[in-house]
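Mind looking at a prediction? Sequence and model below.
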Amino acid sequence: MFEPMDLEVASPATVSRCGMIYMEPSSLGWRPLFKSWMNNLPATITEMHKKILTEMFERFVDASLALVRKKAKELSPTSDANLVNSLMNMIDCLIDPEFHDEAKISTMEEREVISWLECIFLFSMTWSLGGSVDAIGRELFDKVMRELVAGGMSEETRSKLSLIDLVEAPMKAYSVPWPKDGLIYDYRFVKEGMGKWVKWT
């Protein structure tokens with residue numbers, strides 16, 4: 001939402017809204033929300049950590065949204081902005097309280113902090129962008145997420161999701177990928193050492 005400088009060329013409808021012009025959220029995309037959110041992260045999350053989070057958002061979000069919109073069926077309709085907002089809200093919940101405690105983070109090795117951030121992102125991604133789809137959609141989501149964690153996206157997957165760009169392999173392997181058995185939905189992330197995936201059961 002933004003406000004014009006004056007109402008010289010405004011229509012009566014614009015004047016009745018006090019000069020405010022509303023834009024469809026879909027025309028903005030998710031990146032402005034993400035940039036705003038990044039500015040409010042705790043001080044313990046350094047520029048290097050922000051770079052890792054940015055790379056993961058760029059790597060996973062577009063592919064996940066394409067899957068949800070084009071290949072999966074949602075149990076309850078959502079918008080792209082809401083799904084990405086849910087992802088950021090879940091990350092906020094999971095980095096609390098440890099990442100707000102400078103003394104705690106200072107006792108951890110850097111590779112542990114990075115591992116936690118990666119796993120927190122992957123868990124949050126599963127239950128936000130992948131949380132609204134039905135059982136068949138969950139199997140598709142599981143397959144695509146595992147493919148992206150293991151390496152680059154295949155040409156076949158890119159074609160199915162109608163993505164313009166192929167998602168390349170990550171610069172380095174993720175520290176704690178999901179266990180191979182079951183679906184990614186079967187696991188929760190536990191903050192211990194490098195972090196670990198534990199079955200809900």
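Thanks, I have the structure now. Residues are numbered from 1 along each chain as shown.

At which residues are the strands of this protein located?
Taking DSSP state E to define them, one finds strands in the chain at 187-190, 196-199.

Could you identify which of these is most buried?
Highest mean neighbour count of the strands of the chain: strand 187-190, a mean of 16 (counted as mean count of other CB atoms under 10 Å). All C-beta atoms are positioned from the backbone trio N, CA, C, and that covers glycine.

tell me what that strand is packed against?
Using 3 or more CB pairs under 8 Å, 6 or more residues apart in numbering; DSSP states H and E as the contact criterion, the elements in contact with strand 187-190 are helix 110-127, strand 196-199.

Quick check: which of those is buried the most?
Greatest burial across the helices and strands packed on strand 187-190, using mean count of other CB under 10 Å, falls to helix 110-127, with a mean of 20.

pLDDT of it, averaged?
On average, the pLDDT along helix 110-127 is 95.

where in the protein is pLDDT low?
Scanning the chain for pLDDT under 70 picks out 1-4, 14-21, 25.

coming back round to it: can you list the strands of the chain in JSON lines and add distance to Met90?
Shown next, in JSON lines, are the strands of the chain (distance: least, CB to CB, whole Å):
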{"stretch": "strand 187-190", "distance to Met90": "11"}
{"stretch": "strand 196-199", "distance to Met90": "16"}
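
how close does the residue nearest to Phe121 when sequence neighbours are not counted sit to Ser26?
Among residues not flanking Phe121 along the chain, Met56 sits closest, at 5.0 Å (CB to CB, 6 or more residues apart in numbering). Counting by CB to CB, to the nearest Å, the gap from Met56 to Ser26 is 23 Å.

who's more crowded, the two?
Met56 (18 against 10; other CB atoms under 10 Å).

Does anything pack onto whichever helix in the chain runs longest? Which helices or strands?
As assigned by DSSP state H, the longest helix anywhere in the chain is helix 47-70. Counting contacts by 3+ CB pairs under 8 Å, 6+ apart, helix 47-70 is packed against helix 31-38, helix 80-94, helix 110-127, helix 135-150, helix 155-161.
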